[in-house]
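Attaching a predicted model along with its sequence, questions to come.
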Amino acid sequence: STQSTWGVRCEGGLVVVLSLPHNNLTGPLPCEIGCLTALRELHFMGNFISGLIPPKLGNLRCLTHLGLHNNRLSWTLPPELSGMTALRLMQLNDNQLVGPIPKEYGNLRNLEQLLLNNNKLTGTVPRSLWDRVDLDYMWAYNNELGPDVPESWSKERFYSEKELERVGRENRM
């Protein structure tokens, strides 16, 4: 049976959706969320969540949507998130994340959209992500990333916000 209450949806007694966008939530993201192994969607965008992204979230193997954008998350991107093998959409844009993009994110075989724009990420985008033919969108502009964009990708796609208005599979030229 399915039950929903205040942004929490359960099926068969297991939490499958946590959706608390724009609720003025503050403080760190609890690492205990990583224990909700049946979780399919996590939507905490538009809050004031700060601190690091708990590496334990990598235990969420059923998660398809990770929406933590428009918060105050800082620290580095945990490579452990590559354990989210069902993940299709990763929205970590508009935070204060620093450091490199982990090469392990190239192992997210179901990932269709990766939004990392408007952070403070450094280094270059790992080759493991550029080589993904099924990655529809990867936005990483407004960071401190190197300009090493392969010819198979549009530099405009990588850097420009106007790509948000386009639809369809346009990642390769």
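Yes, it's here.

count of residues packed around the spatially closest residue to Ile33 that is not a sequence neighbour?
Closest residue to Ile33 apart from its sequence neighbours, by CB to CB, 6 or more residues apart in numbering: Leu57 at 6.4 Å. Backbone N, C-alpha and C define where each C-beta goes, glycine included. Leu57 has 22 neighbouring residues, counting by other CB atoms under 10 Å.

In contact with Leu57, which residues?
Applying CB atoms under 8 Å, 6 or more residues apart in numbering, we find Leu57 in contact with Leu29, Cys31, Ile33, Gly34, Leu42, Leu63, Leu66, Pro78, Glu80, Leu81, Met84.

for it, phi and psi?
phi -60, psi -20 (degrees, to the nearest 10).

now do Asn59
Per degrees, to the nearest 10, the backbone of Asn59 is at phi -80, psi -10.

Report the separation between it and Trp6.
Using CB to CB, to the nearest Å, one obtains 24 Å as the distance from Asn59 to Trp6.

can you check Ala38 too?
From Ala38 to Trp6 the distance is 18 Å (CB to CB).

do the same with His65
On the measure of CB to CB, His65 and Trp6 end up 19 Å apart.

Looking only at neighbour counts, state which of the two leads.
His65 (18 against 7).

which residue sits closest to that one, ignoring its sequence neighbours?
His65's closest residue in space is Glu41 (CB to CB, 6+ apart), at 4.4 Å.
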